[in-house]
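Chemist: The following block contains a protein sequence and its predicted model.
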Amino acid sequence: MRFGWFLAVGMACVGACSSSGSSGGPGLDGGSNCSGTSCSSLGDCPGIQCKCPGSKFVATIRTCRKGCCPTNCNEACGVVGTGGGSGSGGSASGGFGNFGAFGGTAGQDGGAGAAGAAGIGGAAGNDAGLGDAGVVVADSDTHVLFFDAAAPSGTYWGILRHAVKLKGTSSWVMSIIDSGINSSMSSTYAIQEMVLDASGHPNVAYSHFRTKTLRFARWDGSSWVQMDGSFGYDVLDSNVDTTGIGKHFITMYNGKPEIAFRQGSTLKRYSWSGSAWQGTLVLDTTPPTGIANPGGAPALAFDSSGFAHIAHHDHGGYQLHYARQSASGWSNELLGFSPKQSAQYKHIALDSVERPHIVFKFGYTRWNGSAWVKADGTAGYDAYDTGFISAGLSPQGEFIVGHRVGSAIELVRKTLAGATWANEGQVHPGPHSGAAFTADATGKVHAVVSEGTTGNNVLTYITKSGGGWVGEQFFAPGGNSRLLHPSIAVR
């Protein structure tokens, strides 16, 4: 296991692969405006050897950005320029909108895209295109947790990585939390999640697949440590789940991390007593509903009385369940209207009257006091394809939900009390291998997307700037990259 920080800068080719500080070119139209080699995927680009500013090593940067391979290190690294003017909008035949220039504020804002079936401009042509910021100065502390499946560690594979860009800075700082997580390069299984504590430091819980252990580590401001401050990680339990794909199974309550996880064929809750981790049974092999093996991919929340609420799935039909703690113990309800195979990421939140709202693989549902209903109050669930896209919850109590439309990711959001969803259009055109969303105290949306297909991934941070979605690629290892199950948190 290795600990410590190293630097990595954002890497992006923007405009029409224009050089640092120049005006952005016209919106790329299917690669026809590319000054370098045209491409449709990372595999089309040969890669370029560069030692980017702020990096301690030379790396092969292989990236295809808007149909264009980089031709020099300025383009590949996203070197900060002196500003640069705005590019024009993309064409109606599928342009991507304005990408601007490297660096400066003018170059970060995507211009309005023209209406077009293949464009990122938006269905009505009035949403801004996905701009490439090159290097963005952060307006909040932004943390990203992800699994690097293809990275070897001795004879084993898989590294759990953390990336952070602190407010007011323009560089991403990387660290390694744990390694040797899997026995095979081809394994893409990983379960990890983080939550920020009162100091804004990440607390991370994860399944170490090779040893089948549940582990925890937190950042104390200088290194990754156990809960008691000792160097390294805590091992909370053994024989834990290595099949489900969970998010939001760790949360902060009363200033301490709380975790829900599947151990063997039971669902357990793990709490810090002040001196040690304690695991208590939530649901056994056969819960009150009579369906065996509960606890798949749990998501955890607490009410004002300190009782836990957990969304999870069984391992029979893989349908959605809701478990609730009370003074008399635990109850569990099968949400029989949910489709089978409702595994993968979930999120649960409680509204002002402490009724649960759940986002799961196939959409959203809420409890109205007598039934599980859609946002508008009719029975059932709002259908969204959220598989491997982790929903977020804003500090104001607003669900931020990314969902697939074809290969693209679109964003919808609503307050917990709201009866309708607001659609903010396309965030990413695809392809992608996973994504995560959150929102800061102002309601601004932040996202991380694992771009490309598994085996050829890069990580891109996306947010809104000047009314348009702006993307910054910050980790592109090249080769057989498998960057999976990202999480994002901001403060």
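Modeler: Yep, it's here. Numbering: from 1, shown residues only.

Chemist: For the rest of this, base every contact and every neighbour count on C-alpha atoms.
Modeler: Noted.

Chemist: residue closest to the middle of the protein?
Modeler: Against the mean C-alpha coordinate of the chain, by C-alpha atoms, centre = their mean, the closest residue is residue 436 at 2.4 Å.

Chemist: Was I right to think that one contacts residue 389?
Modeler: Yes - judged on C-alpha atoms under 8 Å, residue 436 makes contact with residue 389 at a distance of 5.5 Å.

Chemist: Mind listing the strands the helix or strand harbouring residue 450 pairs with, and their directions?
Modeler: Per DSSP states H and E, residue 450 falls inside strand 445-451. Next to strand 445-451 in the sheet, as set by DSSP bridges, lie strand 432-439 (antiparallel), strand 458-465 (antiparallel).

Chemist: hang on, the earlier thing: need the overlap of contacts for residue 436 and residue 389.
Modeler: Shared contacts of residue 436 and residue 389, defined by C-alpha atoms under 8 Å, 6 or more residues apart in numbering, comprise residue 402.

Chemist: Tell me how far residue 288 lies from residue 317.
Modeler: If you measure residue 288 against residue 317 using C-alpha to C-alpha, to the nearest Å, the figure is 16 Å.

Chemist: Equivalent analysis for residue 435, please.
Modeler: Going from residue 435 to residue 317 by C-alpha to C-alpha gives 25 Å.

Chemist: Could you check which of the two has the larger neighbour count?
Modeler: Shown here are residue 435 and residue 317; by other C-alpha atoms under 10 Å, residue 435 has more neighbours (28 against 13).

Chemist: Which strand residues bridge the more buried one?
Modeler: Residue 435 forms beta bridges with residue 389, residue 449, as assigned by DSSP bridges.

Chemist: before we move on, what about residue 165?
Modeler: In beta-bridge terms (that is, DSSP bridges), residue 165 pairs with residue 142.

Chemist: dump the residue contacts of it.
Modeler: Residues in contact with residue 165, defined by C-alpha under 8 Å, 6+ apart, are 138, 141-143, 171-173.

Chemist: Just the buried ones from the residues you listed, in PyMOL syntax?
Modeler: Buried residues among the contacts of residue 165 (16 or more other C-alpha atoms under 10 Å), as a PyMOL selection:
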select buried, resi 141+142+143+171+172+173
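
Chemist: Dump the contacts of residue 165 into JSON lines; add pLDDT and distance to residue 302 as well.
Modeler: As requested, the contacts of residue 165 are arranged in JSON lines below (pLDDT from 0 to 100; distance: C-alpha to C-alpha, whole Å):
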{"residue": "138", "pLDDT": "92", "distance to residue 302": "31"}
{"residue": "141", "pLDDT": "97", "distance to residue 302": "25"}
{"residue": "142", "pLDDT": "98", "distance to residue 302": "25"}
{"residue": "143", "pLDDT": "98", "distance to residue 302": "23"}
{"residue": "171", "pLDDT": "94", "distance to residue 302": "35"}
{"residue": "172", "pLDDT": "97", "distance to residue 302": "33"}
{"residue": "173", "pLDDT": "97", "distance to residue 302": "32"}
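
Chemist: got the residue ranges for the helices in the protein?
Modeler: Residue ranges of the helices in the chain, as given by DSSP state H, are 73-77, 105-108.

Chemist: Compare these and say which comes out lowest on pLDDT.
Modeler: Among these, helix 105-108 has the lowest mean pLDDT, at a mean of 29.

Chemist: got a list of contacts for stretch 243-255?
Modeler: Defining contact as C-alpha under 8 Å, 6+ apart, one finds that stretch 243-255 is touched by 189-198, 204-205, 257-261, 296-302, 343-348, 390.

Chemist: unless I'm mixing things up, residue 380 is touching residue 367, no?
Modeler: No - with contact taken as C-alpha under 8 Å, residue 380 and residue 367 are classed as non-touching, separated by 10.1 Å.

Chemist: Would you mind pulling the contact partners of stretch 334-346?
Modeler: 244-248, 289, 296-299, 311-313, 317-322, 358-362, 380-381, 387-391.

Chemist: Make a PyMOL selection of the buried ones in these.
Modeler: Those of the contacts of stretch 334-346 that count as buried under 16+ other C-alpha under 10 Å are selected in PyMOL with:
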select buried, resi 244+245+246+247+248+296+297+298+299+311+312+313+318+319+320+321+322+358+359+360+361+362+380+381+387+388+389+390+391
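
Chemist: Could you list the low-confidence segments of this structure?
Modeler: For the chain, applying pLDDT under 70 flags the ranges 1-35, 40-43, 49-66, 76-135.

Chemist: could you check the distance from the residue of it positioned farthest from its centre over to residue 282?
Modeler: Computed with C-alpha atoms, centre = their mean, the maximum C-alpha offset from the centroid of the chain is found at residue 328, amounting to 36.4 Å. Residue 328 is 13 Å from residue 282, where distance means C-alpha to C-alpha.

Chemist: now do residue 291
Modeler: Relative to residue 282, residue 291 is positioned 14 Å away (C-alpha to C-alpha).
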